[in-house]
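# structure for the following, please:
(chains A and B)
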Number of protein chains: 2
Amino acid sequence: MFENPETTNLESLGEFGLIDHLTKQIELKNPSSIKGVGDDAAVLKTPDSKNTLVSTDLLLEGIHFDLSYFPLKHLGYKAVVVNLSDIYAMNAKPKQITVSIGLSSKFSLEAVEELYGGIELACKHYQVDLVGGDTTSSKQGLIISVTAIGEADENEIVYRNGAKEMDLLCVSGDLGGAYAGYQLLEREKRVYINNPQLQPDLSGNDYILERQLKPEARKDVIDILKALKIQPTAMIDISDGLSSEVIHIAKQSNVGITVYEEKIPIDPTTYNMARELDLDPTLCALSGGEDYELLFTINQSDFEKIKEHPDLTVIGFCTKKEEGINLISKSGIKHELKAQGWKAF
Amino acid sequence: MFENPETTNLESLGEFGLIDHLTKQIELKNPSSIKGVGDDAAVLKTPDSKNTLVSTDLLLEGIHFDLSYFPLKHLGYKAVVVNLSDIYAMNAKPKQITVSIGLSSKFSLEAVEELYGGIELACKHYQVDLVGGDTTSSKQGLIISVTAIGEADENEIVYRNGAKEMDLLCVSGDLGGAYAGYQLLEREKRVYINNPQLQPDLSGNDYILERQLKPEARKDVIDILKALKIQPTAMIDISDGLSSEVIHIAKQSNVGITVYEEKIPIDPTTYNMARELDLDPTLCALSGGEDYELLFTINQSDFEKIKEHPDLTVIGFCTKKEEGINLISKSGIKHELKAQGWKAF
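Numbering: from 1, shown residues only, chains lettered A, B, ... in the order given. Have a look, this model is predicted:
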């Protein structure tokens, strides 16, 4: 992967040289970014009427990503996007990020530039400023820690705990694609390891590969909801899979939730790849995760506003807590939803 | 280290169980902490007149700490302190932190509780709220990423770039102790590896061991300066060693700086241990790092206010840029100061 003979050794730059090199071109875009990289701390000025939101994620090589098929530029982009998604999930706008990186000696300067290229691209696309971070050597492969900072009017912030009985449960986009993409990449990796002469067969699967390798955060959904004058009662982004996010909303809102399997939006590419890989497409949506779609509840009176929207789907509704958290299968059988989620340990 | 037979396996709790367990007792102390752990993002409300400051650090096992002699509770404490130090170095007050942790399977729940015990102790001591984070498994040892968030009046914030010609260069406390403590621990580790029957000989060295294992951030110095009505012209905390911090202030402020070796405050314990280990005590101060003292410049007119203060020392002054960055040795010889600092790669 890093066999280009014309690469530059990180040691020749040193820590301060590397930071200078990577950050010299940064221009702050947001008026709230007073001081970015280059001091002990970044300085921000949130408008007086706004609250500040902070979210953070830690991504580790071998746990969250596999560099054998994850291009570094995409990885940088995704590391930012997954954090911004958390800010959007509060119905807020991200404005700044900090990025800390641990690098093992196998990385050349050019490889680090690729990674930062992806980070910068995400900053540009989502109009956020890179204002700080930390860079260190690592004995343990690549480590990326991103913190995102956003802002929102206090009365616009949407928590996980506001869903009420009879509210509708909605989701943006479609689900399971990132997981199907992941499974496809893993299959082709195994094929390649067993027979390096074979080229990976990824044709026709651009959509699910992009869902895995270059996901987007649903900035547009926040804008759509605002334009439709809908204030969700609860919201969360789908990082661990639909099941565990539904359970989070239900538990924190103290309600039950019923989800209809037939309503869960799944793209045909996802469906076909799941079948090809002997996976249940619904299970990919429920437990796959990494879709970064928004799951939210709305008052029934808002139903008319969203029912025709091509990118928003009502998949269930909230009940009394006693009714529990259930999936009604396509054949009409009720199953209790369990957090498969992502097994951290 | 983790041989207690009554330990609890992390796998039995799962990610969500672990987070619940570790965060259930958190009480938010600061009025600016609106919402802490438990949603997609934390929500903060900075007072209208204040700016927000953000600083972040990444600490890796085998690079920044050695668990063979670093107690987990101390490590948790230090991980917080090094971040708070960056906020104080802006003449600001830290209010919140987020903590992300990567844990390998060798850690028991009890070990993680020790680590969090240290984190909580630091939060209590410095009156900051733990408002968020991420917890994940790691294949590669312990990873800790902390982000600190603080606040300050805009006109009180001190950057690295405000030093002027003729300003005095001052430092709090004494230097080199953390490095001497580190070298002592490394020596005793080598002795122990070669002969496990020998008990480590750490007696009489509490001060330097504490400088390494349980450093404090100089919250008190910020208060002292305010009480003395001194607004530093530039400030930085000493994490990499005096040399590289002096160079940061000089370069960013576009001045030269002259430091007098004889003025550099070094504790007798540090001095004696350095000699015992065949190290130059001055070099420990210049290049050792991890002292987390504050290095700052003040206008000469403030000299009378600090000259008698037992915990603040004038060690040099700012010059025209052309005169460079120099150390005047005890024998009167001028040496150019070079960033030894910490070699990241």
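# please report phi then psi for the closest residue to A:Ile149 other than its chain neighbours.
Take A:Ile149 and drop its neighbours on the chain: the residue closest to it by C-beta to C-beta, 6 or more residues apart in numbering or on different chains is A:Gln96, 4.4 Å away. The C-beta positions use only the backbone N, C-alpha and C, and glycine is treated the same way. The phi and psi torsions at A:Gln96 (degrees, to the nearest 10) take the values phi -140, psi 160.
# cool, A:Glu120 as well?
As for A:Glu120, its main-chain torsions (degrees, to the nearest 10) stand at phi -60, psi -40.
# now swap in A:Ile143 and tell me
The phi/psi pair for A:Ile143 (degrees, to the nearest 10) is phi -130, psi 130.
# tell me the bridge partners for it.
Assessed by DSSP bridges, A:Ile143 has beta-bridge partners A:Leu60, A:Gly102.
# same check, this time on the one 10 residues further on
Each beta-bridge partner of A:Asp153 is listed here: A:Lys50, as defined by DSSP bridges.
# which residues touch it?
A:Ser49, A:Lys50, A:Asn51 (C-beta atoms under 8 Å, 6 or more residues apart in numbering or on different chains).
# how about A:Asn91: what's its closest non-neighbour residue?
A:Val158 (4.1 Å).
# err, A:Leu279, not the other one
Using C-beta to C-beta, 6+ apart, the closest residue to A:Leu279 is A:Gln183 (6.6 Å).
# okay, now that neighbour: neighbour count?
20 (other C-beta atoms under 10 Å in any protein chain shown).
# again with the one 5 residues further on
Residues within reach of A:Glu188, counting by other C-beta under 10 Å, total 17.
# can you tell me the element it falls in?
helix A:177-194 (DSSP states H and E).
# so which elements touch that helix?
helix A:206-213, helix A:268-276, helix A:281-287 (3 or more C-beta pairs under 8 Å, 6 or more residues apart in numbering or on different chains; DSSP states H and E).
# check which element follows the last one along the chain.
Past helix A:281-287, heading to the C-terminal end, the next element that is a helix or strand (DSSP H and E) is strand A:294-298.
# same check on the first one?
Once helix A:206-213 ends, the next helix or strand along the chain (criterion: DSSP H and E) is helix A:219-227.
# hmm, that next one touching chain B?
No. With C-beta under 8 Å from any C-beta of the partner chain as the criterion, chain B is not reached by helix A:219-227; the gap is at least 12.5 Å.
# buried residues in that helix?
A:Lys219, A:Val221, A:Ile222, A:Ile224, A:Leu225 (16 or more other C-beta atoms under 10 Å in any protein chain shown).
# and stretch A:92-109, by the same measure?
Neighbour-count burial for stretch A:92-109 [16+ other C-beta under 10 Å]: A:92-104, A:107-109.
# run a quick check on A:Glu61 versus A:Leu67, I expect a contact.
Yes. In this structure A:Glu61 lies within contact range of A:Leu67 using C-beta atoms under 8 Å: 6.2 Å.
# sorry, back to before: so the residue nearest to A:Asn91 makes contact with A:Asp237?
No. Contact criterion C-beta under 8 Å: A:Val158 and A:Asp237 do not qualify, at 11.3 Å.
# who touches both of those two?
A:Ala89.
# who wins for most neighbours among the contacts of A:Asp153?
A:Asn51 (23 neighbours).
# okay, and for the stretch 1-150 of chain A, where does confidence drop off?
A:1-6 (pLDDT under 70).
# run through the helices of it in chain order.
A:14-23, A:72-88, A:109-126 (DSSP state H, counting those that start in this stretch).
# OK, contacts around the closest residue to A:Thr313 other than its chain neighbours?
Leaving aside its chain neighbours, A:Thr313 sits nearest to A:Pro265 (4.8 Å; criterion: C-beta to C-beta, 6+ apart). Contacts for A:Pro265 (C-beta under 8 Å, 6+ apart) come out as A:Val171, A:Gly173, A:Asp174, A:Leu175, A:Thr313, A:Ile315.
# and A:Pro265, how close does it get to A:Ser172?
9 Å (C-beta to C-beta, to the nearest Å).
# do A:Leu198 as well
Taking C-beta to C-beta, one finds A:Leu198 at 37 Å from A:Ser172.
# now do A:Ser243
17 Å.
# same question for A:Asp201.
On the measure of C-beta to C-beta, A:Asp201 and A:Ser172 end up 30 Å apart.
# more crowded one of the two?
For A:Asp201 versus A:Ser172, the count of surrounding residues by other C-beta under 10 Å is larger for A:Ser172: 24 against 11.
# for stretch A:211-224, what is the average pLDDT?
The pLDDT scores in stretch A:211-224 average 97.
# how far off centre is it?
Centroid separation for stretch A:211-224 versus its chain: 8 Å, with C-alpha atoms, centre = their mean, to the nearest Å.
# and it, C-alpha only, in CSV?
The C-alpha coordinates for stretch A:211-224 follow below in CSV (Å, rounded to 0.1, in the frame of the first residue of the first chain):
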residue,chain,number,x,y,z
ARG,A,211,-22.3,3.8,1.8
GLN,A,212,-19.4,2.0,3.6
LEU,A,213,-16.4,3.9,2.3
LYS,A,214,-17.8,7.4,1.8
PRO,A,215,-20.9,7.9,3.9
GLU,A,216,-22.5,11.3,4.2
ALA,A,217,-24.1,12.9,7.3
ARG,A,218,-27.7,14.0,6.8
LYS,A,219,-27.2,17.8,6.9
ASP,A,220,-29.9,18.0,4.2
VAL,A,221,-32.5,16.3,6.5
ILE,A,222,-32.1,19.0,9.1
ASP,A,223,-32.7,21.6,6.5
ILE,A,224,-35.7,19.7,5.1
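# can you list contacts of it?
Counting by C-beta under 8 Å, 6+ apart, A:70-71, A:74, A:77-78, A:81-82, A:84-85, A:88, A:91-93, A:126, A:172-173, A:177-182, A:185, A:237, A:270, A:290-294, A:309, A:311-312 sit against stretch A:211-224.
# list buried residues within the residues you listed.
Judged by 16+ other C-beta under 10 Å, buried ones among these: A:70, A:74, A:77-78, A:81-82, A:84-85, A:88, A:91-93, A:126, A:172-173, A:177-182, A:185, A:237, A:270, A:290-294, A:312.
# tally of neighbours for the closest residue in space to A:Gly76 that isn't next to it in sequence?
Take A:Gly76 and drop its neighbours on the chain: the residue closest to it by C-beta to C-beta, 6+ apart is A:Gly118, 2.7 Å away. Neighbourhood size, A:Gly118 [other C-beta under 10 Å]: 21.
# and A:Gly118, how close does it get to A:Thr23?
15 Å.
# same thing with A:Met273?
40 Å.
# these two: who's more crowded?
The neighbour comparison of A:Met273 against A:Thr23 (other C-beta under 10 Å) goes to A:Met273, with 26 against 17.
# which residue lies closest in space to that one, excluding its sequence neighbours?
Going by C-beta to C-beta, 6+ apart, A:Met273 has A:Ala180 as its nearest residue, at 4.3 Å.
# surely that neighbour meets A:Arg275?
No. Proximity of A:Ala180 to A:Arg275 does not meet the contact threshold set by C-beta under 8 Å, at 9.8 Å.
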